[in-house]
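Trainee: A predicted structure for the sequence below; I have some questions about it.
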Amino acid sequence: MNVRESSPPTRAVAAYRMDIIRSALRAAIVAVAVVVAGCVGGPTAPAGPAAVVEKLDITTRRAAFGGATFADVGGYDFIAGVATVRIDPRHAANRAVVDVELAADGDGFVRYQTDVVMLRPARAAAASRTLVFDIANRGNKLALGRLNDGATQFETAAQAGNGWAMRQGHTLLWVGWQGDVPLGNAGQIVGTRFPVATQRGQPITGTSLEEFVFDDSAPVSNAPLTYPAASLDPARATLTVRARPEAAATVLPASAWRYVNASEIAITRPAGFDGGAIYQFLYEARDPKVMGLGFAAVRDLVVFLRSDARDGSGQAHPLNDIRYDVTVALGISQSGRFLRDFVWMGFNASPTGGRVFDGAMPLIAGSRKSYTNARWAQPGRYSRQQEDHFYPGDQFPFSYAVSTDPVSGRTDGIFARCRANDTCPKVMHLDSNLEFWQARASLVVTNGAGRSVPVPDDVRLYLMASTQHGPATTPAAGICQQLNNPANQSTMVRALMAQLIDWSRSGKAPVASRYPTLDNGELVLPTRAAIGFPDLEGLGVNFPTVVNELTIVDDSTVPTRPDPAKRYQVLVPRTDPDGHDLMGVRLPDVEVPLATHSGWGLRKTGFAPGQLCGLNGIYVPLARDAGERAAKRDPRASIAERYATRDSYVQRVQAAASQLQTQGFMLAEDVPRWVERAKTQPAILALPQ
C-alpha cells in the first residue's frame, strides 16, 4: 500500500504545508551542520567519508574542435563519462539535502549517478592548472558562449569561437546537477540519475503545483508534469487560469483538460483568455526525486577531480594527470541562482577541508536563488513579472553580507555560513539591466526598505549596462512589442573571468565594483520620470507600468500566497537621455549607440499585453538624420547628428573600447574586434566616408 501524505484536493494544503516546513527547516537550520563539512561533526557523525566516487567510467575521449590547436597550448580533448557516487546521509556534510535519508540503499548509503564532461589540453604539461566549472543550465554547456563567443558543442574549429579559454590552457568541467535532466547524453546535455525518496520502502505521494504560460495561439496545448501523477482521476486535481498573477484564479471544469499519461496533461484554451494566460495545475504527485543531491554532486565531483583521491575500488581516477591550483565556478542565469544557493547552503565547504571553489561568478542571477533543495522541487522555475510567482526560491537573503531584513525580520546573508569556516569564494556578480526589472537586482545592494546594505571586500558587483538577460543573436520581436536587445556582454565577461582567476590564485585585486547604488542616487523607483528614460511613445514604444514586485509569501498554502502588507521596494537604474544606464559598464554598443537598448520589454496584444516580456529587452534604432528624426518626433539625436562620417563613428568605438581596456573591462585582443565590427554596421553605411 502506498504511503500517502495527502489526498488532493481536501488535504492538499496540509500536505504542502508539511513539505514546505520540512524543506525550510532542513535548508535553514540543518544546513548549519554543513559548515563543519565532516571536519568536526556531532556525536552521531559517522567516522567515514561524506562521499565516495565508487566509479568513474570514461565513455568518450577524442580530439575536440576537429583537432584544432590553440597557440602554445596545442590541441584539446573532449572527455565524457558517468560517475557513480555514494554518500552517507548521516554525515554532517550531507544532512542539508532534503529527504536524503529517505533514499538510502540497504547498506544505509545513498547512491546517484551524474554525467561528467571535460574539455582539457591534450598535453597535461600545457594546462594552466585552472579548472573552470560551468554549472550546466538545464543540462546545456554555456561557458564558451560567454568566454569564447563559441558554441555549446565542440565538434568543429568554428565552435571554439575565438578560442580564448583554450589559448589560456584552462580546463572546463561540467557535472550534471539537475535531477529532472536525464543521464546519458553528455555529448548534448549533462544530466543525472537521482534516487527517489520513499517512506519505509513505500512510495511517497504529495501535492505538487505546475504552472504553464504557453505564449501561443494553439487551441490545445500539452504540458509536462515534473513528477508523475499518483492517480489519473481528474477529480483529484484542479486546473485554474488567470490573466495576470494578481488576478483571481478561475477554476476550470474537468472538461477543459485531460491526462495524456501520468506525466503529461492536455489543456483546451478557455474562452476569454489569450496566449499569455497563467494556468496552474494542482495535483497529487508521486515519487519525489532527491533534487538537493545536485548540490552534493557539484561538490563531490569537483573535490574528487581536483584531488589525487582514489575511487571506491582503490584506483586512481583516470584524469589525475592534471592537478588544479585554482577552481572557479561560472553560473549563467538558472545556474547563477543555483551557485548563490550552493554558497548560501554551505556546500562550498569541502568535506575534506577547505573550499570547493576559490572563485565564483554568478551571471544574470539578480537577487534570486533556486527551487532545488525541497520535496517536489522544480529547479527550472524562476520568478518573472508574469510567470512563476507562486514558487519558493526568491525570498531573503538577497545580498552577500549578513544583514537583518526589515521586511521579514530575519538575519541572514549568502555568506552567512561560509564566513563561519572561511570557505567563502571570491565572488564576481554580474547582472544585466533586465535583472533589475525581472529579478529585483536592487535587493543585492538595498534592504528593500530604502536603505543600502554593505558589499563584502571579497565581492565585486558589475552591471552590464543596458543589456538584456542574454543578447539576441538577431533583433526580433516575437511575442514582445519591440525588437529584443542584441547588445554585447561576452567581451566584459571574459575580461572579468581573467581577473577572477588571478584574484583567486594570487589575491590580486580586480577592478572595483561598478553597480548602481541607492546612496549615489543611481537606483530609483521604476517610473519614467524618475529614471529619465526618453519619451518614445511617438515611435510606438510604451514604457512599463509594472515591475516584478516581491512580498513575503505564506508558504503554508498551495500555491504560495503573497502578503501585500510586507512588500519589498524594488528599484531600477537611472538612464541618460538616450535611455541607457548611467551607472555600469557601458560597452561600445551603449557608449557609442546606434539605437536605444534596455533590459525591459513588454508583451504585445494576444500575449498578456503590457506585462514584462520574459527575458527580452528592447532595441529601438536611432533615426538616420535630422529630417527623419523630426518626422518621427524622436527626441534622440540621429545617427548623422552624432557621427559626421563613418570614420568618426569607428574612431569613437575604438576610443570607447580602448578606455574599457584601460579600466580592466576589456581584453586587449577584443579592441580590434570591436573596431572591425564597427566598420560593418549597416546603420552607418549611409554616412559619408
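Mentor: Looks like it came in fine.
Trainee: what residues are up against Leu378?
Mentor: Residue 378: Gln, not Leu. Gln378 makes contact with Asp180, Thr226, Tyr371, Tyr391, according to CB atoms under 8 Å, 6 or more residues apart in numbering. In this view, the C-beta of every residue, glycine as well, is placed from N, C-alpha and C.
Trainee: Let me see the domain layout of the chain.
Mentor: Following the assignment in automatic domain parsing, the chain carries domains at 198-286, 425-689.
Trainee: Dump stretch 134-142 to CSV, keeping only the CA atoms.
Mentor: This file holds the C-alpha atoms of stretch 134-142, laid out as CSV (Å, rounded to 0.1, in the frame of the first residue of the first chain):
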residue,chain,number,x,y,z
ASP,A,134,30.5,25.7,-15.9
ILE,A,135,27.3,24.9,-14.0
ALA,A,136,25.1,23.4,-16.6
ASN,A,137,21.9,25.3,-17.5
ARG,A,138,19.1,22.8,-18.0
GLY,A,139,21.9,20.4,-19.0
ASN,A,140,23.4,22.8,-21.5
LYS,A,141,27.0,23.9,-21.6
LEU,A,142,27.0,27.7,-21.9
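Trainee: avg pLDDT for it?
Mentor: For stretch 134-142, mean pLDDT rounds to 98.
Trainee: how far out from the middle of the chain is that stretch?
Mentor: How far stretch 134-142 lies from its chain's middle: 10 Å, per CA atoms, centre = their mean, to the nearest Å.
Trainee: swap in stretch 148-167?
Mentor: Centre-to-centre, stretch 148-167 and its host chain are 22 Å apart (CA atoms, centre = their mean).
Trainee: now stretch 254-269
Mentor: With CA atoms, centre = their mean, you get 30 Å for stretch 254-269.
Trainee: same check, this time on stretch 619-637
Mentor: Distance, stretch centre to chain centre, for stretch 619-637: 36 Å (CA atoms, centre = their mean).
Trainee: now stretch 120-127
Mentor: Relative to its parent chain, stretch 120-127 has a centroid offset of 30 Å by CA atoms, centre = their mean.
Trainee: what sits up against that stretch?
Mentor: 63, 72-77, 79, 166, 169-172, 319, 321-322.
Trainee: same question, stretch 499-506
Mentor: Here stretch 499-506 makes contact (CB under 8 Å, 6+ apart) with 130, 132, 170, 325-328, 358-359, 361, 425-426, 428, 508-511, 664.
Trainee: With stretch 524-542 instead?
Mentor: Around stretch 524-542, the neighbours that count as contacts under CB under 8 Å, 6+ apart are 437, 481-482, 543-544, 547, 569-579, 596, 598, 602, 610, 618, 620, 632-636.
Trainee: redo that, cut-off 7 Å
Mentor: Contacts of stretch 524-542 with the rest of the structure, by CB atoms under 7 Å, 6 or more residues apart in numbering, involve 481-482, 543-544, 547, 570-572, 574-575, 577-579, 602, 618, 620, 632-636.
Trainee: cool, and stretch 451-465?
Mentor: 399-401, 403, 415, 424, 426-433, 444-447, 489, 492, 496, 510, 513-519, 573, 580-581, 583-586, 590.
Trainee: Return it as PDB; C-alpha atoms alone will do.
Mentor: Taking C-alpha atoms only, stretch 451-465 is exported to PDB below (Å, rounded to 0.1, in the frame of the first residue of the first chain):
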ATOM      1  CA  ARG A 451      18.500  51.600   2.900                       C
ATOM      2  CA  SER A 452      21.800  50.300   1.500                       C
ATOM      3  CA  VAL A 453      23.400  47.100   2.600                       C
ATOM      4  CA  PRO A 454      27.200  46.600   2.600                       C
ATOM      5  CA  VAL A 455      29.200  44.800  -0.100                       C
ATOM      6  CA  PRO A 456      31.900  42.500   1.400                       C
ATOM      7  CA  ASP A 457      35.500  43.100   0.400                       C
ATOM      8  CA  ASP A 458      35.600  39.700  -1.400                       C
ATOM      9  CA  VAL A 459      32.600  40.500  -3.600                       C
ATOM     10  CA  ARG A 460      32.500  42.600  -6.700                       C
ATOM     11  CA  LEU A 461      29.300  43.700  -8.400                       C
ATOM     12  CA  TYR A 462      29.000  44.800 -12.000                       C
ATOM     13  CA  LEU A 463      26.100  45.900 -14.200                       C
ATOM     14  CA  MET A 464      26.400  45.100 -17.900                       C
ATOM     15  CA  ALA A 465      24.700  48.400 -18.700                       C
END
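Trainee: in the chain, what secondary structure element scores lowest on mean pLDDT?
Mentor: Using mean pLDDT, DSSP states H and E, the weakest-scoring helix or strand in the chain turns out to be strand 3-4, at a mean of 34.
Trainee: Could you pull out the helices in the stretch 151-300 of the chain for me?
Mentor: 164-168, 293-305 (DSSP state H, counting those that start in this stretch).
Trainee: taking those helices together, which one is wrapped up most tightly?
Mentor: Highest mean neighbour count of the helices of the stretch 151-300 of the chain: helix 293-305, a mean of 26 (counted as mean count of other CB atoms under 10 Å).
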